[in-house]
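Chemist: the following block contains a protein sequence and its predicted model.
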Amino acid sequence: MRRVLFVLALAGAVLCEPSEELSSSDSDVQELEEPQKDKDTKKAYFTAPYPGITVSAFFVVQEEFKKMMEEVKQDVREILIELPKALLNRTRIIEDEKLSHKEKHEAMLKLVKQNPKLYLALKAIFHIVRPRRGRHFPRPFPRRPFPLLRPGKGGRGPRGPRPEKRGLKGERREETKTEELKKVVPVKA
């Protein structure tokens, strides 16, 4: 296998040798000039004018921003005009005692699908106005980092008492040790 690879490498080297025709055409190709090293490269880079935005482009951006703000103001006006009606629809659905909880939820989803921006704004207002849920003052003592392990039946940890060794009828079974364990081996001093 090594010989085959060696022969292929030699054949490739022979085939890839540059011919005289190619070497004569190389003289026509001009060598690339290396860039001259300028000591003030960083200074020139940082002091060069910013090619990004021009004065006229800045004013175009300002005009687009003003148009966008006008559209936003118009949307806010429309939402503010429709808010009382949306609040009335929502309270009617919530106060209707004939509807089940699931039906109320589905009716609210239908309203939200009709005009999502309006009902998202209403929801944001509810979160601002509605009182905060939960504890409004700090706990007198901080919570423990982990729950206490309360003892189970019999007072031995969470798993209950230590199992007793009982016989078939609930009688206490005597421990039987093998004779090897019972033998006492004298220790030489």
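Modeler: Nice, thanks for sending it over. The model shown is predicted, which means the values in this text are computed figures rather than measured ones.
Chemist: average pLDDT for the helix or strand hosting residue 68?
Modeler: Using DSSP states H and E, residue 68 maps to helix 55-95. The predicted model assigns helix 55-95 a mean pLDDT of 90.
Chemist: which element follows that helix toward the C-terminus?
Modeler: helix 101-114.
Chemist: which helices and strands does that next one pack with?
Modeler: helix 55-95 (3 or more Cβ pairs under 8 Å, 6 or more residues apart in numbering; DSSP states H and E). (Each C-beta comes from the backbone N, C-alpha and C, glycine too.)
Chemist: just want the angle from the helix it packs on to helix 101-114.
Modeler: Angle of helix 55-95 versus helix 101-114, following axes from the mean of the first three to the mean of the last three Cα atoms, to 10 degrees, is 160 degrees.
Chemist: now do the closest residue to residue 121 other than its chain neighbours: how many residues are near it, please.
Modeler: For residue 121, ignoring the flanking residues on the chain, the nearest one in space by Cβ to Cβ, 6 or more residues apart in numbering is residue 79 at 5.2 Å. For residue 79, the count of nearby residues is 17 (other Cβ atoms under 10 Å).
Chemist: residue 119 is in contact with residue 79, correct?
Modeler: No: judged on Cβ atoms under 8 Å, residue 79 makes no contact with residue 119 at a distance of 9.9 Å.
Chemist: quick one: list the elements packing against the helix holding residue 68.
Modeler: Against helix 55-95 (3+ Cβ pairs under 8 Å, 6+ apart) you get helix 101-114, helix 116-129.
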